[in-house]
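Peer 1: sequence plus predicted model, see below.
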Amino acid sequence: MKWYYAEGGKQIGPVEESALDDLVRQGIVRDDTLVWREGMAAWQRHAAVRGSSNPNPPAAPPPAPAASIAASAAPSGGDVRYCSECGRAVPASQLTSYGDVSVCAQCQPAYSQRAAGPRHFGGFWIRFLAVIIDAIIIAVVSTIIRLPLTLMGIGVVGSGFGRNPDPSQVLAALPALMSLIGLSFLINMGLTLAYDVYFLTTKGATPGKMALGLKVTRADGGPISAGLAIGRYFAKFLSSITLCIGFIIAAFDREKRSLHDHICGTRVVYTR
Ligand SMILES: [Zn+2]
C-alpha cells in the first residue's frame, strides 16, 4: 500500500505503509496531517483514516467531507497544493489565494462570499432618496450644458410664435423646435448614462448612493464593469416603464433587489 502525505503545502510520497508508521512514530505525520492513497476519494486527516496515534489528541477540526469527484483527488506529480476548505489536492494553478488561504475552484464561490462577511442591503426608501439626490445633480449639470439649446429654442419660439402668430411661420418653425427638443433629450440621456457608468465603475456608487453610504456590487460582491453599468442603465428603463413596479419590488425582495438588479445580477449594499 503506497501512501502520500502533505507537509508544508507539498505532497510527499509514495511511501510504504511501514514507512508511514515510522513517520507517525517520528511525529512527522500527525493526526491532522492530510494523507491519501489509491482508492480514496479525497485527502483526509491521518487520524480519520488510520486512527489516532496520540492518546490525547488536540482538538482538531472535523475531517473535511469526502469530495464527490474522486478522479481529481489523485496526486499525479506536478505542483500539487491543498485546498484550505475541503483539503483536496489540486494543481497549484487551480487554487485561488486569499491572503494565506488558498481554495479550489469548487470551494471558491462559497468562500469568497463568506470572506466578504454578511452584507446589508440598501432598502427601497434609502435608494429612493439616493435617486433623488442623483436626479438633482444631473438636472443642474444638464440644464447648464443644454442652456445654449434652450436659448435657441426660445429664439425659434420668439420668431415663429410672436404676438400675432402667422400659421405658416409657426409650421416652418416646428421642425427646428422639435429637433432642438430631441437633441436636448439625447444630451440629457447621454449625460445620465455617462454619470452612471463613470461613478459606478470608478467609485462603485453614484454620488447620491455615496452620500448615503451605499454602493452597487455584483452578486458575488465584485466591482461593476463598464459593460454591466451600461446594461444596468438600460435595465432601469424597464423598471420605469413598468409603472415603477420594477423599483418598488426592491421593498419586498429578500436582498432588496429591484427589477434592474434582478436582470443584471447586481446588489445595492451598505458600505459599512
Ligand atoms: Zn476545496
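Peer 2: Received, thanks.

Peer 1: would you mind naming what in the chain lies close to the ion?
Peer 2: Residues of the chain lying near the ion by C-beta under 5 Å from the ion: C83, E85, C86, C104, C107. Heads up, the C-betas are built off the backbone N, CA and C, glycines and all.

Peer 1: got a pLDDT number for the closest residue to the first one other than its chain neighbours?
Peer 2: Looking back up the chat, that one is C83. Excluding its sequence neighbours, the residue lying closest to C83 (C-beta to C-beta, 6 or more residues apart in numbering) is C104, at 3.9 Å. pLDDT, C104: 87.

Peer 1: what sits against C104?
Peer 2: With contacts defined as C-beta atoms under 8 Å, 6 or more residues apart in numbering, C104 is in contact with C83, E85, C86, R88, V90, Q94, L95.

Peer 1: so which of those wins on neighbours?
Peer 2: The most crowded member of the contacts of C104, judged by other C-beta atoms under 10 Å, is C83 (25 neighbours).

Peer 1: test my guess that that one contacts A110.
Peer 2: No. Counting by C-beta atoms under 8 Å, C83 does not reach A110; the two are 11.7 Å apart.

Peer 1: what are the phi and psi angles of the residue nearest to C83?
Peer 2: The phi/psi pair for C104 (degrees, to the nearest 10) reads phi -80, psi 170.

Peer 1: and the residue nearest to I28 when sequence neighbours are not counted, how close does it get to G222?
Peer 2: Beyond its immediate neighbours in the sequence, the residue positioned closest to I28 (C-beta to C-beta, 6+ apart) is E7, lying 7.2 Å away. Between E7 and G222 the computed distance is 35 Å (C-beta to C-beta, to the nearest Å).

Peer 1: what's the answer for C264, then?
Peer 2: The value you get for C264 to G222, if C-beta to C-beta is used, is 13 Å.

Peer 1: so the residue of the stretch 151-272 of the chain found nearest the ion, which of the three states?
Peer 2: Proximity of the stretch 151-272 of the chain to the ion (C-beta to the ion) peaks at D220, 16.7 Å away. For D220, the assignment made with DSSP: H, G, I helix; E, B strand; the rest coil gives coil.
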